[in-house]
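Enquirer: Below are the sequence and a predicted model for it; my questions follow.
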2 protein chains.
Amino acid sequence: MTDAQLSELKHELRAIHDLQAAAAVLEWDQSTYMPAAGAAARGRQIALLGRLAHERMTAPRMGELLKGLGGVADADSIEGALVRRARREHERATRVPGELVSAIKSHTAESYVAWTKARPANDFAAVRPYLEKTVELSRRWSACFPEAEHVLDPLIDAQDPGMSAASVRSLFAELRAALVPIVKTLLARPAPERAFLGRPFPKAAQRAFGEQVIRQLGYDFERGRQDETAHPFMIRFSAGDVRITTRFDEADPTEALFGTVHEAGHAMYEQNIAAELDGTPLGEGTSAGVHESQSRLWENLVARSRPFWTRFYPALLETFPEQLAGIDADAFHRAINTVERSLIRTDSDEVTYNLHVMLRFDLEAQLLEGTLPVKDLPDAWNARIEADLGVRPPSDALGCMQDVHWYCTTVGGTFQGYALGNLMAAQFFAAAERALGDVDAAIAEGDFAPLRGWLTENVYRHGARYLPDELVEKATGAPLSIAPFIAYLKGKYGPLYGVESW
Amino acid sequence: MTDAQLSELKHELRAIHDLQAAAAVLEWDQSTYMPAAGAAARGRQIALLGRLAHERMTAPRMGELLKGLGGVADADSIEGALVRRARREHERATRVPGELVSAIKSHTAESYVAWTKARPANDFAAVRPYLEKTVELSRRWSACFPEAEHVLDPLIDAQDPGMSAASVRSLFAELRAALVPIVKTLLARPAPERAFLGRPFPKAAQRAFGEQVIRQLGYDFERGRQDETAHPFMIRFSAGDVRITTRFDEADPTEALFGTVHEAGHAMYEQNIAAELDGTPLGEGTSAGVHESQSRLWENLVARSRPFWTRFYPALLETFPEQLAGIDADAFHRAINTVERSLIRTDSDEVTYNLHVMLRFDLEAQLLEGTLPVKDLPDAWNARIEADLGVRPPSDALGCMQDVHWYCTTVGGTFQGYALGNLMAAQFFAAAERALGDVDAAIAEGDFAPLRGWLTENVYRHGARYLPDELVEKATGAPLSIAPFIAYLKGKYGPLYGVESW
């Protein structure tokens, strides 16, 4: 590896990164403040920036540089990790023909519009032809990687590098076996009282409380900001500018509160990546699953924990004295940890959530394998959720049309990350506890620095230097497993639901 | 001109436009919502987009296309005007070496930082070396156009195409001769009472009132938005997204009110350019002067007129009943049209304003010609403003360091547009009155559609199709002259100040 080649590579990768960051600013603005009339031109501008980044990534010179530098493509050094990550991106960008990328983009844009109309009308027939074509396009995308063992593999690898249909299935089979009896046990118990959460909680007070919380957790408002959008997200423009968005429902304060913490979790990951990686392909989270582990860790393992509310419930009570009249911290904690037969993934509790994910993962595998025709999707969905959770969706809007994913991007590759994130969150948290001792006591005192420090040291600062499995093993001393997550659920929900032995 | 060549040209020009629009979004965000910690990466991202646009504009293929299409480079057809404008931009981009552009950018960025510190400290010595280098760089920029008669010509032409030092000087000489006696006469009269404008006017009410006003004038909030910035501006991303910014001073409601109308005037120009020109080099205002004519027309000829306040004073009084207690519409109108010996250009009234501009224009000519060394600038400034307005700045902060321009961009080319705009505003308004009849009566009824319609038909829709002098002649039937402006001042300030004959 010559210094001149490496320097040229870094320079070119920085330009690609800056084009992508510029496109991200345009997307952020589109979701927050852009007048609707600006949409057509904005779409064109974003597409141009994407095209320019793609052209540079697939340029012959980029291929030459990466080939010349290929001998050190591993995580032993920052440079080696950089070359490895850049090669992944170069290879994916060169393997998939530009026309296919364009065809997928324009088709899924139309499909999204059809879905926004069909879902409220509960009209699956209207989206069916779109979804059929999306499945076909997703298969073609996957076929650009003919060495793959399973049609899902390239799609999964794009989001969760190093993972495959086989490895995810193996984990999910174990997870399912462990989870089903827990769900059964908990659903047989009486549900906590939580009607009080439906009282009106004014938005301005919700916002102020949420900001106070994430500031204490460690989200750095000096290097970010929070705005409102229909669908909350985290977005990074640079190390100094990592933004989050949220939304408020006055009839349900948990939406904004836990949503805000969720996005702040994603953002704290990005804000604490080592400065030297900024503007390179390593200056971002390493995978969808690891990213989700951080949003879920802060949302669930921290902000839905009892010690967290020891610290924050007095302030919440002061903010909403009428709404929370007669509710103590224990009752509040029980209410925000209700386990139930939910139809909607995004509203579901952390115990049943992974069942929702596995349902989607299995169905999309069948769609791509060709064993499930799109026309049979509603029945397959309804049968599966009834088997898993004992509820049958009264409509496809609340069934197989509830998530935007299959209607706005390829089918396959996106859902597994949500469940992987839950598993990793528990495994990282358990490792932090082993290293730090009584994390709960610090949380109860509002001291999040030790936990954040451990995560920064072992996860955040590395950015995308390590593949997810390398990172998990390095940080926790063990490969990814379901054990910490199952132990966490039992340890938390046993006392909450009065289950003395599982 | 072959269709294929033209189509290729348009395609390439659109990409350049979209890169510039993307950079504009990044700049807007930088001024409105970006956390300060994002500045370094943002600067790099904006610079990259500018470089990519510049590379495309100077590409050999662009030169070939423009040469091939050169036979029709005039405003007789949209295509001809497009080729003419694109040739101008291509020529300017190719004539000035990239290294000089970079040197100017990085030097002026440093100079700006020095100015932000030196101005509050009233330390001209601290900015002097920066300004000396800026003058030198400005001369080098100008020297890229060796055919120019005067060092200012290329700098002026870049902002006000077709204008030159000679043509501006000739206009300014006439303007000065006519203006000085008017100023002298008015300054000899007693000033109107306006202490009430210093009472506190709460910001939220100012904002609501300003939005109500510009909505009625015709600023389209469906295709734009207003935010707050330290220095107000208008910015266009596309026909459907033309934004403005404003700022509020609770101790001076005229700052936000007239500033908001000023920016809305710029924006109505951009919002009403013919849709077919969007995304081309013709889809923008044609010059700095014509642009300023629209901000000043709406700010001064409309919003500082007596009929305007016939319509709006009742609402203003209702919004600020205590602040305006005992002040009627006539008194308010007199107060907002006070003529005075002002030190600061941006705070000055419309009668003395052009004297401030001419002072700068003459001094920057001398700086560039080499007849005024930078070290002598403070004395030259102070002597000139004392001669013109009878006041001597107590500090350089209130003298030659008051404007950002010389400290953040080249010296020369930017100030003349402010005065040209004032002249054009009066000439356009007079032409509209001839065409429409009683414009004042419509304004007094809050009906701005006729005036806006005339401006759209004769100015706005053409975008940059015509050069400024072509546009003025086409719209008003006469070349640009000082007569309409002088007639406007006499017609307005005579009654206001009790001057019966001039």
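Expert: On my side now, so go ahead.
Enquirer: Okay, domains of chain A per the record?
Expert: Domain segmentation of chain A under automatic domain parsing yields A:3-95, A:195-342+A:424-470.
Enquirer: and among these, the most buried is which?
Expert: domain A:195-342+A:424-470 (a mean of 20; mean count of other CB atoms under 10 Å in any protein chain shown). For glycine as for every other residue, the C-beta is placed from the backbone atoms N, C-alpha and C.
Enquirer: wait, does that one make contact with chain B?
Expert: Yes. Domain A:195-342+A:424-470 lies within reach of chain B by CB under 8 Å from any CB of the partner chain, at A:221-225, A:227, A:237-241, A:278-279.
Enquirer: Packing partners of the strand or helix carrying A:Gly50?
Expert: Element membership for A:Gly50 (DSSP states H and E) is helix A:39-57. If you count contacts as 3 or more CB pairs under 8 Å, 6 or more residues apart in numbering or on different chains; DSSP states H and E, helix A:39-57 packs onto helix A:3-32, helix A:78-95, helix A:98-121, helix B:3-32, strand B:234-238.
Enquirer: Packing partners of the next helix or strand after that helix?
Expert: Sequence order places helix A:60-68 as the next helix or strand after helix A:39-57, per DSSP H and E. For helix A:60-68, the elements it packs on are helix A:3-32, helix A:78-95, judged by 3+ CB pairs under 8 Å, 6+ apart.
Enquirer: Which residues outside helix A:60-68 are in contact with it?
Expert: By CB atoms under 8 Å, 6 or more residues apart in numbering or on different chains, the residues outside helix A:60-68 that reach it are A:1-2, A:5, A:8-9, A:12, A:56, A:83, A:86-87, A:90, A:94.
Enquirer: quick check, nearest of the residues you listed to B:Pro479?
Expert: A:Arg56 (49.6 Å; CB to CB).
Enquirer: close enough to count as contact, the closest one and A:Arg14?
Expert: No. In this structure, A:Arg56 is not within contact of A:Arg14 by CB atoms under 8 Å, at 10.6 Å.
Enquirer: and the residue nearest to A:Cys408 when sequence neighbours are not counted, what does it touch?
Expert: Nearest residue to A:Cys408 in three dimensions, chain neighbours excluded: A:Tyr112, at 4.3 Å (CB to CB, 6 or more residues apart in numbering or on different chains). Contact partners of A:Tyr112, counting by CB under 8 Å, 6+ apart, are A:404, A:407-408.
Enquirer: just to revisit the earlier point, is it possible to get a markdown table of the helices and strands packed on helix A:39-57 that adds distance to B:Lys492 and mean pLDDT?
Expert: Output for the helices and strands packed on helix A:39-57, formatted as a markdown table (distance: least, CB to CB, whole Å; pLDDT from 0 to 100):
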| stretch | distance to B:Lys492 | mean pLDDT |
| --- | --- | --- |
| helix A:3-32 | 41 | 96 |
| helix A:78-95 | 64 | 95 |
| helix A:98-121 | 54 | 93 |
| helix B:3-32 | 34 | 96 |
| strand B:234-238 | 26 | 98 |
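Enquirer: mind checking pLDDT for A:Ala73?
Expert: With respect to pLDDT, A:Ala73 has a value of 72.
Enquirer: Enumerate every residue touching it.
Expert: A:Ala73 touches A:80, A:83-84, A:87, counting by CB under 8 Å, 6+ apart.
Enquirer: and if you look at A:Arg14?
Expert: By CB under 8 Å, 6+ apart, the contact set of A:Arg14 is A:279-280.
Enquirer: how near is it to B:Pro35?
Expert: According to CB to CB, to the nearest Å, A:Arg14 and B:Pro35 sit 21 Å apart.
Enquirer: likewise A:Ala15?
Expert: 23 Å.
Enquirer: now do A:Lys105
Expert: Distance, A:Lys105 to B:Pro35, using CB to CB: 31 Å.
Enquirer: Same check on A:Gly43?
Expert: A:Gly43 is 27 Å from B:Pro35, by CB to CB.
Enquirer: ok now do the nearest residue to A:Leu420 once chain neighbours are set aside, which residues does it touch?
Expert: Computed as CB to CB, 6+ apart, the closest residue to A:Leu420 that is not its neighbour in sequence is A:Gly289, at 3.3 Å. With contact taken as CB under 8 Å, 6+ apart, A:Gly289 is in contact with A:159-160, A:163, A:416-417, A:420-421, A:424, A:468.
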